[in-house]
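Asker: the following block contains a protein sequence and its predicted model.
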Amino acid sequence: MRKGYGQFCPVAKAAEVIGDRWSLLVLREMLYGNRHFNDISRGVPLMSRALLAQRLKELEKLGVVVSRHKETGQGYEYLLTPAGEALRPLIEAMGVWAQQWGSEQVAPEDLDDALLMWGMRRRVNLEAVPAQKIVLQFDFQGLTKGHKSQRSWWLVIEHGEVDVCQKNPGFEVNVFISADLSVFTHVWMGYTHLNVALQQGAVRFEGDRELVRQVSTWLYLNGEWRYGMGLDRSIAQLMQANKPVTAECNEASV
């Protein structure tokens, strides 16, 4: 039986729903549109599959998630109820708060190239990608302890679909991206400007010049962290409007 806070306060009751470890991140994945167990699991790679199954059952009992048999194949898909969908602005606002007021330092143990690629996959600016098959190869260095010193990934974009491959898919690569994992993560999160990383040589692009020029727009590498995190524009703009003005805030917002 779940242990509550023993208070009728609405904040306490909300915390009983989303306060358990991993619950917020599971809901984040579902808000991104992930409905299948394996897809949700990819977004929380450090969470055991047994614990994920338990959390999904708990969220279902609380009325924020509903499960149903897949229309094709075996297994279930998980959907947010109206109550679960109503948590979107709350979770988005938490991300905005952390971006503005939380530490901008990503610790080495927080780095995860698989999670980074999964995050990029779901937030590609498809409207900006040319109407052709685009293949990006990422060669990451500086992986965390316990991983190889270097690892490659491929992002394949075609017909409005985006696939991530850990093995070479055999397609012609349009743009090669070589980067230090920490630096590229900071760029994607909006903590480090892409131009600075390029000038330092920590991030390098190779390939067709015109396509190379467009990559930052496809992947939201120009400081548009709110898209990389799946945040709503209106909330991000509201928080930005309330941010104290400093001498460093003289660039046009992106």
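Answerer: Alright, I've got the coordinates.
Asker: any weak-confidence spans in the chain?
Answerer: Counting by pLDDT under 70, the chain shows low-confidence ranges at 1-2, 102-105, 145-149, 223-254.
Asker: quick test: name the residue nearest the centre of it.
Answerer: Gly119 (3.4 Å; Cα atoms, centre = their mean).
Asker: pretty sure that residue contacts Trp188?
Answerer: Yes - in terms of Cβ atoms under 8 Å, Gly119 counts as a neighbour of Trp188; the distance is 7.4 Å. C-betas here are computed from N, CA, C, even on glycine.
Asker: please identify the helix or strand for the residue nearest to the centre of the chain.
Answerer: Using DSSP states H and E, Gly119 sits within helix 113-122.
Asker: mind listing what's buried along that helix?
Answerer: 113, 115-122 (16 or more other Cβ atoms under 10 Å).
Asker: reformat these as a markdown table; add distance to Leu194.
Answerer: Output for these, formatted as a markdown table (distance: Cβ to Cβ, whole Å):
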| residue | distance to Leu194 |
| --- | --- |
| Asp113 | 18 |
| Leu115 | 20 |
| Leu116 | 15 |
| Met117 | 18 |
| Trp118 | 21 |
| Gly119 | 16 |
| Met120 | 14 |
| Arg121 | 19 |
| Arg122 | 20 |
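Asker: who are the neighbours in contact with Gly160?
Answerer: Counting by Cβ atoms under 8 Å, 6 or more residues apart in numbering, Gly160 makes contact with Leu126.
Asker: check the gap between it and Asp208 for me.
Answerer: As for Gly160, its distance to Asp208 is 21 Å (criterion: Cβ to Cβ, to the nearest Å).
Asker: counting neighbours, what do you get for the residue nearest to His69 when sequence neighbours are not counted?
Answerer: Take His69 and drop its neighbours on the chain: the residue closest to it by Cβ to Cβ, 6 or more residues apart in numbering is Tyr76, 6.1 Å away. Using other Cβ atoms under 10 Å, the number of residues around Tyr76 comes to 14.
Asker: quick one: Tyr76 and Phe37 touch, right?
Answerer: Yes - with contact defined as Cβ under 8 Å, Tyr76 reaches Phe37; the gap is 7.1 Å.
Asker: in stretch 134-148, which residues are buried?
Answerer: For stretch 134-148, the buried set under the neighbour-count rule, 16+ other Cβ under 10 Å, comprises 134-138, 140-143.
Asker: cool, and stretch 95-115?
Answerer: Neighbour counts over stretch 95-115 (16+ other Cβ under 10 Å) mark 95-96, 99, 111-113, 115 as buried.
Asker: stretch 152-159 now?
Answerer: Neighbour-count burial for stretch 152-159 flags 152-157 (criterion: 16+ other Cβ under 10 Å).
Asker: which members of these are the farthest-apart pair?
Answerer: For these, with distances taken as Cβ to Cβ, the pair at the greatest spread is Ser152 and Ile157 (17.0 Å).
Asker: still on that earlier bit, list the contacts for the residue nearest to His69?
Answerer: In this structure, Tyr76 makes contact with 37, 67-70, judged by Cβ under 8 Å, 6+ apart.
Asker: these in strands, which ones?
Answerer: Of the positions in the contacts of Tyr76, 67-69 sit in strands, assigned by DSSP state E.
Asker: would you map the helices across this protein?
Answerer: Secondary structure of the chain (DSSP state H): helices located at 10-18, 23-31, 37-43, 49-61, 82-85, 88-101, 113-122, 181-189, 194-200, 209-218, 225-228, 233-241.
Asker: adding distance to Phe171, write those helices out as JSON lines.
Answerer: Compiled in JSON lines, the helices of the chain are given as follows (distance: least, Cβ to Cβ, whole Å):
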{"stretch": "helix 10-18", "distance to Phe171": "41"}
{"stretch": "helix 23-31", "distance to Phe171": "28"}
{"stretch": "helix 37-43", "distance to Phe171": "22"}
{"stretch": "helix 49-61", "distance to Phe171": "31"}
{"stretch": "helix 82-85", "distance to Phe171": "37"}
{"stretch": "helix 88-101", "distance to Phe171": "34"}
{"stretch": "helix 113-122", "distance to Phe171": "16"}
{"stretch": "helix 181-189", "distance to Phe171": "22"}
{"stretch": "helix 194-200", "distance to Phe171": "25"}
{"stretch": "helix 209-218", "distance to Phe171": "14"}
{"stretch": "helix 225-228", "distance to Phe171": "25"}
{"stretch": "helix 233-241", "distance to Phe171": "33"}
